[in-house]
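*Asks:* Everything below, folded, please.
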Amino acid sequence: MGIEKGTPVLVAAVDNDRMALLALKGILPQLLPSAQWLWGVGNADEAVAKALNPETRPRLLLVDMSLDEATGVSVCRKIRMRTDRVMLLGITAFSVDTYAERLAAAGAQGIVSKADIPQLAKALRTVAAGGTFVPNSVASVTFRTAADAHRLLLDNGTTASIGNGTANAGAEDAGHRAAKLGAKESETLHLLSRGLTYDQIAAQWGVAASTVRTHAHRAVDKLGAHSLAHAIALWLSR
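*Replies:* Residues are numbered from 1 along each chain as shown. Presented below is the predicted three-dimensional model:
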């Protein structure tokens, strides 16, 4: 699905850092001259709703990997399960290696570092044109086109449904609970369930709060949870 000449590329973004959204909006015309900024939000659910609404649907959605109560991976999966009309490009301030494999499985068309402006420009042009972008550091990861990714996710969902029948919902929750978490991921959910904040956990461990947030987001993805609260609930029910 290419871009007709002269047609503006509608671009939107979800990032819980308001300054990052403003920076993206400001630099976008230089990176992708054909782009037209559509909207920028900091909330995962709002981004999914806007992306699926034909009146607010962008051609290309930039998805930050580290959101507050959800992950960029889950945002991409929710959108791709419903449509192939939105191109999805993951963006991150951390290493792309951390998210690339899970993001590809969630139906995105690529991932790029926010700090690498030349690569960001290349990724925007490539994905907006209907292609896929794979950073050199994750060359072994296969990103698929929106149409192929959408079809694959639907096929996997249908296969799982047929195989499990009416017991599918219960089996799904059991699978979530049985998902293997790393020690730090489990400990993060344990401490969050006791009411500690990212900053408090970071102080205990002597690390940055962003490190704790990454552990939490990995746990959310591994458990197949819809949000951090859902992940904690699944972990507590194990």
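
*Asks:* Please report the distance of the spatially most central residue of the chain from Ala47.
*Replies:* In the chain, the centroid-proximal residue (CA atoms, centre = their mean) is Gly72; its distance is 2.2 Å. Distance of Gly72 to Ala47, given as CB to CB, to the nearest Å: 10 Å. The way it works is simple: take the backbone N, C-alpha and C, and place the C-beta from them, glycine included.

*Asks:* on that earlier part again, so the residue nearest to the centre of the chain makes contact with Leu103?
*Replies:* Yes - counting by CB atoms under 8 Å, Leu103 is a contact partner of Gly72 at 7.1 Å.

*Asks:* what touches both of these two?
*Replies:* Shared contacts of Gly72 and Leu103 (CB atoms under 8 Å, 6 or more residues apart in numbering): 65, 90.

*Asks:* hang on, the earlier thing: what is the burial count for the closest residue to the residue nearest to the centre of the chain other than its chain neighbours?
*Replies:* The shortest distance from Gly72 to any non-neighbouring residue, by CB to CB, 6 or more residues apart in numbering, is to Met65 (4.0 Å). Met65 is flanked by 25 other residues according to other CB atoms under 10 Å.

*Asks:* Can you give me the domain assignment for this structure?
*Replies:* When the chain is parsed with automatic domain parsing, its domains come out as 9-149, 179-236.

*Asks:* which of these is buried the deepest?
*Replies:* domain 9-149 (a mean of 19; mean count of other CB atoms under 10 Å).

*Asks:* averaged over its residues, what pLDDT does that domain have?
*Replies:* The pLDDT scores in domain 9-149 average 93.

*Asks:* end to end, how far does that domain reach?
*Replies:* 21 Å (CA to CA, to the nearest Å).

*Asks:* thinking again about what came up before, who touches both of Gly72 and Ala47?
*Replies:* The contact sets of Gly72 and Ala47 overlap at 14, 63 (CB under 8 Å, 6+ apart).

*Asks:* if we can go back for a sec, contacting residues around the residue nearest to the centre of the chain?
*Replies:* Contacts of Gly72 (CB under 8 Å, 6+ apart): 14, 63-66, 90, 92, 99, 103.

*Asks:* from those, which ones fall inside helices?
*Replies:* Per DSSP state H, helices hold the following members of the contacts of Gly72: Leu103.
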